[in-house]
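S.K.: Provided below for reference: sequence and predicted model.
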Amino acid sequence: MSESISYDLIVIGAGQGGGPLAGTAADHGLSSALIEHRHVGGTCVNRGCTPTKTMIASARVAHLARRAEDYGVETGDISIDLETVRQRKRDIVESFRSGSRKSVEETEGLDLIEGKGRFVDASTVEVDLNGGGTRTLIADRIVINTGARPAIPPIDGLNEVDFLTSTTIMELSSVPDHLLILGGGYIGLEFGQMFRRFGSEVTIVDRGEHILGREDENVAEALEEILREDGIRILNETGITAVEQQGDSIVASLDGTEAPSQIEGDELLVAAGRRPNTDDLNPEAAGVETNERGFIPVNNRLETEVDHVYAIGDVTGGPAFTHVSYDDYRIVRDNMLDEAGPADSGSPATTDDRIVSYTLFTDPQLGRVGLTEEQARDEGLNVEVAQMPMTHVARALEVNESRGLMKAVVDAETKQLLGAAILGIEGGEVMSILQTAMMGDLPVTQLKEAPYAHPTLAESLNNLFAGIEA
């Protein structure tokens, strides 16, 4: 074993939680080591949010160009140069990545160690350096932020075909004629609509009764209707049992009652969930347990069962969103560095009262926060439901973007908002207004009377809650 180097803090993984935590600790005088074997910035910057939303923007421009006549604008034929789309994506990723790396490198007291780390014991991490050799680190506190990667299901023949993942699909240099997608979750839907707008025929194969299995059925069905309107084929309650390469095509065998026995495409995207990056971490050497799926369980302060070892971000199996990972950083920061908790209360920061929100970047967006109607009723809550189609939103009609609906779940006694789904133009932004109301305990009876500027999407909340009586 190489000579050991001691630190106050070791962070394994330079994602959106780990990087800021290591930097903040160093700013507070703690000697810190940040281990990263690929790129600083984690999934979000390098393989997730940044590149996908950059490409989605290109797809939306193509969509609007084809709709130009609806607005009285004449255009010529629309074509897609996927290599240019790809290069734009690469340039933005490199800009964000280099900025994150520069911030780390310029932080005094923080060492960036490039390699793959694994536990030797509860206080020791050995790093296989990217440049060769090993380095052994010791610290009183260790934070695991190793993230997750695409899960590959056990399908006959899958390892013998050149299938795509959410990472590799963004490196295609030409638009597929027919893109097959396994999975009707966030990743499959975003890429499905994107490549449909680039010009591909798209078929989505999903096991559930409807896409987005954790959403209320009427919300999911509304999005399904939109995607089908865009020309996407969705096969519900269907699975892929086997795949085979036949020349330049991939032939998938299906098992759905309403599906054909086989379907053929020239590319297959596997978007069947994520698995944690704990395989090479050797957590058992530190006494850190993993569950049956490989995720690391933590308590409400993001502590593992091993004193002084924390886990944050996707590796915990919690909501796999960048903003949740960053909030994990805040919680560990406040507790580890003994900073003031919420409202300077002095109480420990925890995940207990965290209001989880997210946005699915289909077009229109689906902004979601809090409980669904089904979840609220399953919890035995007395609820009122406010719902309105986007065709009742003046701003959406003015810009000819009136697909979708707004739905909110309200506590019938307190009139506090329990959750909402905004499937509509800029749904994520409208949802964020509702999230802010939830954070401030503002009853919806005040939202329905708020003098929002006209004509904005925000003022649609007046009408959404018009039927909720104080």
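M.R.: Happy to help now that I have it.
S.K.: which stretches of the chain aren't confidently modelled?
M.R.: Scanning the chain with the threshold set as pLDDT under 70 gives 1-2, 338-347.
S.K.: Give the closest residue to the one residue sitting closest to the centre of the chain in space, chain neighbours not counted.
M.R.: Residue closest to the average C-alpha location in the chain (Cα atoms, centre = their mean): F321, at 4.1 Å. Ranked by Cβ to Cβ, 6 or more residues apart in numbering and with sequence neighbours excluded, the top spatial neighbour of F321 is Y358, at 5.1 Å. Bear in mind the C-beta positions are built from the backbone N, C-alpha and C, glycine included.
S.K.: For the one you found, pull up the helix or strand it's in.
M.R.: Assigned by DSSP states H and E, Y358 belongs to strand 357-360.
S.K.: quick one: strands adjacent to the helix or strand that that strand is followed by?
M.R.: Later in the chain than strand 357-360, the nearest helix or strand by DSSP H and E is strand 365-370. Strand 365-370 sits in its sheet next to strand 357-360 (antiparallel), strand 417-424 (antiparallel), going by DSSP bridges.
S.K.: chain center to strand 365-370: distance?
M.R.: 12 Å (Cα atoms, centre = their mean, to the nearest Å).
S.K.: And the contacts of it?
M.R.: Contact with strand 365-370 is made by 212, 215, 219, 223, 355-360, 409, 417-432, 434-435, 438, as judged by Cβ atoms under 8 Å, 6 or more residues apart in numbering.
S.K.: Please report phi then psi for R66.
M.R.: Taking degrees, to the nearest 10, you get phi -70, psi -20 for the backbone angles of R66.
S.K.: show me what contacts it?
M.R.: R66 sits in contact with I78, where contact means Cβ under 8 Å, 6+ apart.
S.K.: Between the two ends of stretch 7-19, how far is it?
M.R.: End-to-end distance for stretch 7-19, by Cα to Cα, to the nearest Å: 16 Å.
S.K.: thinking again about what came up before, out of the strands paired with strand 365-370, the one nearest M170 is which?
M.R.: The closest of the strands paired with strand 365-370 to M170 is strand 357-360. By Cβ to Cβ, the value is 17.7 Å.
S.K.: Touching the closest one from outside, list them.
M.R.: 186, 189-190, 212, 319, 321, 323, 365-370, 427-428, 431-432, 435.
S.K.: which of the residues you listed are buried?
M.R.: Buried residues within the contacts of strand 357-360, counting neighbours by 16 or more other Cβ atoms under 10 Å: 186, 189-190, 212, 321, 365-370, 427-428, 431-432, 435.
S.K.: nearest to A14, of these?
M.R.: Nearest to A14 among those is F321, at 17.7 Å by Cβ to Cβ.
S.K.: before we move on, the earlier item: E284: which of the strands paired with strand 365-370 is closest?
M.R.: strand 357-360 (32.2 Å).
S.K.: Show me where the chain has its helices.
M.R.: For the chain, the helices defined by DSSP state H cover 18-27, 42-46, 49-66, 82-105, 186-198, 217-229, 322-336, 373-378, 394-398, 427-439, 444-447, 460-464.
S.K.: Dump the ones you listed into TSV; add distance to R141 as well.
M.R.: Below are those laid out as TSV (distance: least, Cβ to Cβ, whole Å):
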stretch	distance to R141
helix 18-27	9
helix 42-46	20
helix 49-66	28
helix 82-105	18
helix 186-198	33
helix 217-229	42
helix 322-336	7
helix 373-378	36
helix 394-398	49
helix 427-439	30
helix 444-447	43
helix 460-464	44
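S.K.: Which among those helices is found nearest to A252?
M.R.: With distances scored as Cβ to Cβ, the stretch of the helices of the chain nearest to A252 is helix 186-198 (14.1 Å).
S.K.: distance between that closest one and the chain's centre?
M.R.: Counting by Cα atoms, centre = their mean, helix 186-198 comes out at 15 Å from the chain centroid.
S.K.: Can you spell out which helices and strands pack onto that helix?
M.R.: helix 49-66, strand 178-182, strand 201-205, helix 217-229, strand 357-360 (3 or more Cβ pairs under 8 Å, 6 or more residues apart in numbering; DSSP states H and E).
S.K.: With distance to T24 as added columns, please give the ones you listed in a markdown table.
M.R.: A markdown table is the format used below for the helices and strands packed on helix 186-198 (distance: least, Cβ to Cβ, whole Å):
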| stretch | distance to T24 |
| --- | --- |
| helix 49-66 | 21 |
| strand 178-182 | 39 |
| strand 201-205 | 41 |
| helix 217-229 | 38 |
| strand 357-360 | 24 |
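S.K.: Identify whichever of these lies nearest to L405.
M.R.: L405 lies closest, by Cβ to Cβ, to one member of these: helix 217-229, at 5.4 Å.
S.K.: Could you check the closest one and say which residues are buried?
M.R.: Buried, per 16+ other Cβ under 10 Å, within helix 217-229: V219, A220, A222, L223, E224, I226, L227.
S.K.: angle of it against strand 365-370?
M.R.: Helix 217-229 runs at 170 degrees relative to strand 365-370, counting by axes from the mean of the first three to the mean of the last three Cα atoms, to 10 degrees.
S.K.: Output the contacting helices and strands for helix 217-229.
M.R.: Applying 3+ Cβ pairs under 8 Å, 6+ apart, one finds that helix 217-229 contacts helix 186-198, strand 233-235, strand 405-411, strand 417-424.
S.K.: mind redoing it with 7 Å?
M.R.: Packing contacts for helix 217-229, counted by 3 or more Cβ pairs under 7 Å, 6 or more residues apart in numbering; DSSP states H and E, involve strand 233-235, strand 417-424.
S.K.: follow-up on the earlier one: most packed of the strands paired with strand 365-370?
M.R.: strand 417-424 (a mean of 28; mean count of other Cβ atoms under 10 Å).
S.K.: List of residues touching that strand?
M.R.: 215-216, 219, 222-223, 364, 366-372, 376, 381, 383, 390, 393, 396, 404-411, 430-431, 434, 437-438, 444 (Cβ atoms under 7 Å, 6 or more residues apart in numbering).
S.K.: so how far is Y329 from I80?
M.R.: Using Cβ to Cβ, to the nearest Å, I80 is found at 38 Å from Y329.
S.K.: out of those two, which sits in the busier spot?
M.R.: Taking other Cβ atoms under 10 Å, I80 and Y329 do not tie; Y329 has more neighbours (26 against 17).
S.K.: Tell me which residues touch the more buried one, please.
M.R.: Going by Cβ under 7 Å, 6+ apart, Y329 touches G17, P20, L21, I312.
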